[in-house]
Structure formats: structure tokens, C-alpha cells
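> I'll drop the sequence and a predicted model, then ask my questions.
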Number of protein chains: 2
Amino acid sequence: MLTGTNLVYTKKFNLRIVHEVIRVYGPLSRADIARHTELSVQTVSNLVKELLGHRLVQEGGRRSEGRGAPSTSLTLNPDGAYAIGLDLDRDHLTGVLVDLAGNVRHRMNVEVETPSPTEMLELMCGMVETMATRQGLQLNEVAGLGLGVPGPMHRDKGGDGYLVNPKAFPGWHDIPLASWLRERLNMPVFLENNALAAAVGERWYGAGRQISNFFYIYFGSGLGGGLIMNGQPHEGFTGNAGEIGYLPTVLSRDSANPLTEDEPHVGLHFNMPRLYERLRRGGTIVGSLEELDRLVLEGHAGMLEWMDDASDHLTALVLAIEYVLDPEAICFGGRLSDRIVGGLMDRVARLLPERRPRGKVDVPRHFLATAGADAGALGVATLPIYEIFAPAPRVLLKTRRVTSNGQSGRHRPVTSL
Amino acid sequence: MLTGTNLVYTKKFNLRIVHEVIRVYGPLSRADIARHTELSVQTVSNLVKELLGHRLVQEGGRRSEGRGAPSTSLTLNPDGAYAIGLDLDRDHLTGVLVDLAGNVRHRMNVEVETPSPTEMLELMCGMVETMATRQGLQLNEVAGLGLGVPGPMHRDKGGDGYLVNPKAFPGWHDIPLASWLRERLNMPVFLENNALAAAVGERWYGAGRQISNFFYIYFGSGLGGGLIMNGQPHEGFTGNAGEIGYLPTVLSRDSANPLTEDEPHVGLHFNMPRLYERLRRGGTIVGSLEELDRLVLEGHAGMLEWMDDASDHLTALVLAIEYVLDPEAICFGGRLSDRIVGGLMDRVARLLPERRPRGKVDVPRHFLATAGADAGALGVATLPIYEIFAPAPRVLLKTRRVTSNGQSGRHRPVTSL
DNA sequence: GACTGTTATTCAATTCGTTGGAATAATTGG
DNA sequence: CCAATTATTCCAACGAATTGAATAACAGTC
């Protein structure tokens, strides 16, 4: 826990910092990097040479600005590493293969319905192998696999996560999906709440690159949330931080509505099957997110009504987040279309001022996620990348705890920063 | 922001780690420290020698366990450093002088009533000088001054905090109290929300030493909260993280109780002046926290009724904290007596199970703060100590940003780890 | 009581990444 | 064409952690 450090770890960290600075602010020259990192130019030169050797960065053309020697610009090499992300939800499995620059090189999508764990394992392995093959990669050339699941989840001692969602995934209790996949694919596997994964993706490739404290409100087939603090994903003690969907609708019992079994928590208002049912009662038969988007575009009354109701609850959640966490920003995204998410954001923005108990001067700003509907899959795909490259403070410490990804013996790490 | 590091910072950090390990797990031998920190025994020996030179640690007797050479035990030297904390609230100003081991060596308390900023400045400087003199210290031998104020607050560009509380502190708008004190006393000054300060105190000296993720619910003359994440205090983007008192009582508007101007946020149920008024309406005249404690001891019906009401709202807040943050524990403390806080905790523990929407397996545990009624003052006093000794990840980085404490030119730092 | 294995601590030499200064190269501005 | 400026690399040096050896002190065993 309270471990020291030494110059070996210093180098590991500085390598990651140089990589990170290029990723976030690039293209950059060696001198630029030195200014950003406050490292000496000599040190930067050495570190860059090493990154070039690993083919993680590449030299661009020489560019001269003002007088002085022209600088050689450095950018990340997109083909420096690949990772695969699988986003599992109650109705679908989406897979993406991304490169180091965050480009989605391949994408697959399958509709599913209450699959059994073993069926799902086969489906997942098939997807991973198919996408790797398409990219012309051996499995051991893939940096790792990220797997996003709808929360809540449970973590065992080794840090591996298990689904805890008896309603959407009956028969999945205590299924060690991550271990299975590691065994089969022989690569690092990261199982994570898809909301937090989406937040990591936004932090890594989206608007979150410049924001180190934000909350991500994730609209999947339910409502989830992920938390980035000090630039790092925050899982919480049991891995369920940000599970705002489970907050009771009515916080105090002495209010006039008593708690009913039917409507206990906010998330139910964002449950897609329930929304379909609600629309069906109004005479509109839909069953997919695309159709919902079309309804909004057409100005469907029942759908707009739902958005009003939903944003009312959403406003409450935003308030809770504001006061408990005081983040710099709140990001809205997920699998719902940008039109729907944007509509909810507009409504929340209108409701918020009158709901804040007293005039706050500094309020977090809201922004729409940049990743679009594949935010979840892209997010989990970044988890292996993040593990390898992120300049987390942890990298500096000697703590050699067993990581949760637990790469088994045979896997040769793609890179060893 | 994304700065590198080098071996100078490595040493600074390792020095702090050794100090911290002794503080938390001590007394420890050099060999013990090496095992904890994963540093080599030689490195530890060198670092300990340096700490001994600074008189920050001291050698105890030699102790032999089993075979082998006996080890010399090391403990912190309580007199290695002193700091002063002032806890300001609407009705009082409490000051403590603490040593490095967290012992309160001197304590002062003054009742106040809507003081002007200049009056308060004089009062504070007087307290600081009095306590320093009693301890036989020059002002420049004090590591620093921590100042706790009831939130919310506002931070300027330089990181200095300003009170934003027009009701309890009229005429204090835009008063740079921290700068004034720095100017007058010529020592580092840290202005912080007293709830967060109490959390830091609990983390540093109390049960929080072993817990690195917890939320501190602070009962002052209002309701506040402080957040420790990854062992570090979390201020939030505007310095107001944890201000749970400002959450609306009823989260969703479509509930049967509409929002009234009179009862908008949860904190009002924990507002002491309002509690006094409530008891007065019931025929009981009290005006201090000690009297409230006595009422509970005597089983006063109105007071017990308030505790029932209050814990109902508290339960809601605990739920919000559980789901947004997922901390390891929640700490209850502040200026209310342990009897009252304990009573509230008991009631919350009874209410919680039936209010959680569905069966959670891992729930944060609750514990009573160890510091007692002076938690706030003790907490702020630890802020300067924390700044000097805490092995925060930041210490490892080259970022030489202007710190918020902003020690001016003349002050010679007590120690330079 | 001498011997052996174990543990704590320090001394001396080594290692390794960062650093500072000097050197080289390329470009702009006058 | 020359001076100033900027980017980059070569080289020697520094400093902190590390490794290995040495010393010391103790418990248990024969």
C-alpha cells in the first residue's frame, strides 16, 4: 500500500507521460514535449527514441516556425497497438477493434435475448477472433480485451468482476466470465461496468481529454453512471460508484408518496423495455433505439412526454451529483441517439436553475459525449490501452499487486512500458 | 499538468513514505519499514538517518523477537512539528495547537455572534499568538495555520478560498481572510471547508488511517460533508464537494409535496438555530450543543422526535452517497456530542435496509468519528502537517504550481521534505 | 559453552536515468 | 553573408537506490 519508488519506476512513468502528452496535445516536437513535461530536452530525446523503437510514436515532417532549426513533429502511431472492446447489454452484443489512435477499425453487432453464459462465451470468442483476423492479427498481437456489462457488479478478491443482474441476466450468478475469456483467448481481459468504460473512452479520446473531473451519465437499456476523478476512473470500493439508477425516486419517506414496490428507483424511468411498454399502452409499437429516435424526430407526443418525465428525474440526479461530487463537468451519452440525449440535456438545463436551492456561482457544465452510440464498446476497448499507457500515479509505485486483468503465463505483453 | 519526474522527487516521496509508514503502522524497525515500503533496507536506513537528523522521528528501545539481532524501534517525534487550527462557525471560534503526533497541546474557545471580518482577524491572530507563546514557540516555528469555515465557499484563481454564506456571515462577501492572515502571521495558511478538514483529521489521526475511501458527514451548526478518496482529500472542482446539506429534500418534482421556499434543502433539518427554535415552540428553551446532549440523556421527547426526523433525511443522504460514490465507509462526526451522533447512526442503521431498492451485498460500514467535538479544529490543524508530510502522488511530479497556501517570501519553512 | 542459523544494520561499490554543458545543425532576419 | 535563435544530440557528471559483503546480536541446539 504505502510503497516507495525508485528510478526504474521514474522511467516507466516518464515514458508514459511523453506518450500521453503526444496523445493529448500532439503533434509535438521533442522541445515541445520538454516544455510540457518540465523534463530536460535530453531526457525527452532519450525517451522518444525508445518510443520510436517500440513503434508507438512516429516522426512526421519537419516544420519551421519563426527562426531556429525546424522541429520534427511526433505523433502516435495508430498501428502501435490494437485492443478489442465488447459491450454486452440485455439486448445486444457490440464489438469494436480500435487502434492506438482510437479509430474504430472494425465493428460487429449481434442482437441477443437472454443468452446463457456458455452461448455468450462462444459468441464473444467468435467476435474477437473474427475481428482480429480481419485486421490480420494473431490473438497475441492484441493488447487486450475489454468487456462492458450493465452494472451493478461484484468483485472477488482477485479483482475480477461478476454480473449481478438477476432480471436481465438470469442464470448468470457467480459466472466468472472474465476468467473464462482469459483462459480461452489468452490475453488480458478487463471486465467493467459499461458506464464507467464509456467514461474512460470519453476521457481518453473525447472531450474529456481536457477535463479531469467529470461524471458520465450513461443511457443504456437502463441508466448508469461513471466517474472520472483526477483524470483516473473511479470504481468505488465495490466497483459500483456512479450507479445512480438505483437511487430512490423519493429520498425522504415522510413525503406524501409512500415507497411502492413498483417504482422504487430512478433507473426504472430509463428502462427501455418499460419505455416500449409505456408507448405500447399509448398505441405506438416500437422495440428499438432507432425507432425511438425516429419518434422524437417526428415529434411523437407520447415520446416527448416521456422525455419530460425522464428529464425531471434526471435533473434530480444531476443535483445530487453536483452537491456530492462537485465535478467540473457532466457528460451525457450512451446508446440512445444524440437527438434523444440532447433533448434530455436541453430539458435538464431548463429545469436546473429553479431546482437549485440557492444561487450557485460555479456550476458544472454539461456536454454531449463525442463517441456516439458505440461509446460503451469504444470505452471498454480503451481499458487495455489505458492499462498499458496511462500515466497513472500507481505506475510510479513499487506495488506489484496482481492486476485484475491477470495476464496468464503464456501471453507475451504487446508492449512493456 | 502532465509533468515528468526525476530522482530528486523520488527521494522527497520516499522520505514522506517512510514517515507515513511509521505514523500509521509504527512503532516500526528499519527492517519493518523496508518490508512495508518494498524499498531496500539500505535505502530505508539512509532515509531514516535523514529523518532522525530533522528530529521528525526518534529511536526507541531495542526489541528482540525470536532469533536474530534485536531491532531498534522508530516512532514519530511528537515535537517534530506543530500546527495550529482554527475552526470558525456562526457561533464560535475554536483553536487548537497540535503536535506532529496529533496531540492537542493547547485549546481555546470563544463564543462569537456575527463578527465583522476585521474583528475576527484580530481575534484569530490573538489566538494564534497566545497558543504559540504558551508552547514557547516563535511564529515561524509553527508549520502553518489551518482555518476551517462552514461551507459553501468559493475559490479564486490562486486557490484561495472565500466564504460564501450571506446568512451566517453578512458582510463577509469577497473577504480574503486567508491572505490577511498570511500577511499578518507570515506563515502558510490553509482555508478549507471544516467538514473536509474534519475528514482529513480523521484520515490522519483517527480510524480513517486504515481506510482510504470514506465520506465524512459533519454536524456543525449546519450539515456538511467531506470526501477522502484514494487516501487524499477531494475538494471538488469549485471546492464544494460533499456539500450534501444543499440537496433538495424531495428529489423529483412530480411528487406530491411541491417545493416550498421554506423547506428546500436537507440541511435545514440539521440547522441548529432552527432546532433551538423548534424546541422552544415545544416549550423547551436551550441554546447550546451541551444542552442538547443533556436533553437526549434525559430522554426529552421533542429532542428524540427531532432525531427521528433528522435520521430519516440522513438515511436518504447516506443512500445518495452509497450509490454515487460507493465508499468503503461513512464516518459520522462533528460538533454534536457523540451521544447525539451515535443516536442518529443507530436510527439510520435501522432505516437503511428497508430503503435500499434491492439487496446490495457490499455496503459501506459506518463509524463514529474518533476526534470528538473538536474534530473540525483538529482537522484544519492537520492541513499544514498534511501538506508537509503526506505522500501525495503530486509530490512525485515536477509541477511547481503556486500552492494555495502561498507562503510568502520571509517565511522559512519548518521542514523541507 | 561453543556452534549454527537468523535477523538487523551499515559500509563500499555499482547501476541507471536524469541533468547540464558543449557541440552540431538548420533556419530566419538583418 | 553574418548573427541570433531554436532543435537536437553527444558526453561527462550527479545522485539516489541497489547489490553484495561485513559486522553485530540474539535464540536455539548439541
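Nice, thanks for sending it over. Source: prediction; values computed, not measured.
> touching chain B at all, stretch A:138-158?
Yes: applying C-beta under 8 Å from any C-beta of the partner chain, one finds stretch A:138-158 in contact with chain B at A:P152, A:H154. Yep, even glycine has a C-beta here, placed from its N, CA and C like the rest.
> quick check: next helix or strand after the longest helix seen in chain A?
Longest helix in chain A by number of residues (criterion: DSSP state H): helix A:301-325. On the C-terminal side of helix A:301-325, the closest following helix or strand by DSSP states H and E is strand A:329-334.
> partner strands of that following strand and their direction?
Applying DSSP bridges, strand A:329-334 is found paired with strand A:214-219 (parallel), strand A:365-368 (parallel).
> rounded mean pLDDT for the longest one, please.
The average pLDDT within strand A:214-219 is 96.
> could I have the CA atoms of that strand written out in CSV?
Coordinates of each C-alpha in strand A:214-219 appear next as CSV, following Å, rounded to 0.1, in the frame of the first residue of the first chain:
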residue,chain,number,x,y,z
PHE,A,214,-16.4,14.6,-14.7
PHE,A,215,-19.4,12.4,-14.3
TYR,A,216,-20.7,10.4,-17.2
ILE,A,217,-24.4,9.7,-17.3
TYR,A,218,-24.9,6.6,-19.4
PHE,A,219,-28.1,5.7,-21.1
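> and the following helix or strand past it, which strands flank it?
As assigned by DSSP H and E, the chain's next helix or strand after strand A:214-219 is strand A:223-229. Paired strands of strand A:223-229, with direction, are strand A:214-219 (antiparallel), strand A:232-233 (antiparallel) (DSSP bridges).
> can you pull the contacts of A:E354?
Listed by C-beta atoms under 8 Å, 6 or more residues apart in numbering or on different chains, the contact set of A:E354 is empty.
> ok, which of the strands paired with strand A:329-334 comes nearest B:R203?
Nearest to B:R203, of all these, is strand A:214-219, at 23.4 Å by C-beta to C-beta.
> count the residues that sit near the closest residue to A:L317 other than its chain neighbours.
Using C-beta to C-beta, 6 or more residues apart in numbering or on different chains and skipping the chain neighbours, the partner closest in space to A:L317 is A:I244 (5.0 Å). A:I244 is flanked by 26 other residues according to other C-beta atoms under 10 Å in any protein chain shown.
> for A:I244, give its distance to B:L351.
Counting by C-beta to C-beta, to the nearest Å, the gap from A:I244 to B:L351 is 20 Å.
> average pLDDT for the longest helix of chain A, rounded please.
In the prediction, helix A:301-325 has an average pLDDT of 91.
> can you check stretch A:17-24 too?
94.
> can you give the contact residues for stretch A:122-139?
So stretch A:122-139 is contacted by A:82, A:84, A:86, A:93, A:95-97, A:105-106, A:108, A:110, A:112, A:115, A:141-142, A:145, A:147, A:181, A:184-187 (C-beta under 8 Å, 6+ apart).
> need the contact list for A:G208.
A:A199, A:E202, A:F214, A:I228, A:C331.
> A:L52 now?
A:L52 is in contact with A:Q58, A:E59, counting by C-beta under 8 Å, 6+ apart.
> list the buried ones in the helix or strand containing A:A349?
If you go by DSSP H and E, A:A349 is part of helix A:338-355. For helix A:338-355, a neighbour-count test (16 or more other C-beta atoms under 10 Å in any protein chain shown) marks A:D338, A:I340, A:V341, A:G343, A:L344, A:M345, A:R347, A:V348, A:L351, A:L352, A:R355 as buried.
> next one: that helix to chain centre, how far?
Remark: helix A:338-355 is offset 22 Å from the chain centroid, using C-alpha atoms, centre = their mean, to the nearest Å.
> ok, stretch A:226-245 next?
On C-alpha atoms, centre = their mean, the centre of stretch A:226-245 falls 11 Å from that of its chain.
> distance between the ends of that stretch?
Taking C-alpha to C-alpha, to the nearest Å, stretch A:226-245 runs 11 Å from one end to the other.
> for the residue of chain A found nearest DNA strand D, give its distance to A:I22.
Nearest residue of chain A to DNA strand D: A:G68, at 2.0 Å (C-beta to the nearest atom of the strand). Plainly put, A:G68 is 21 Å away from A:I22 if you go by C-beta to C-beta.
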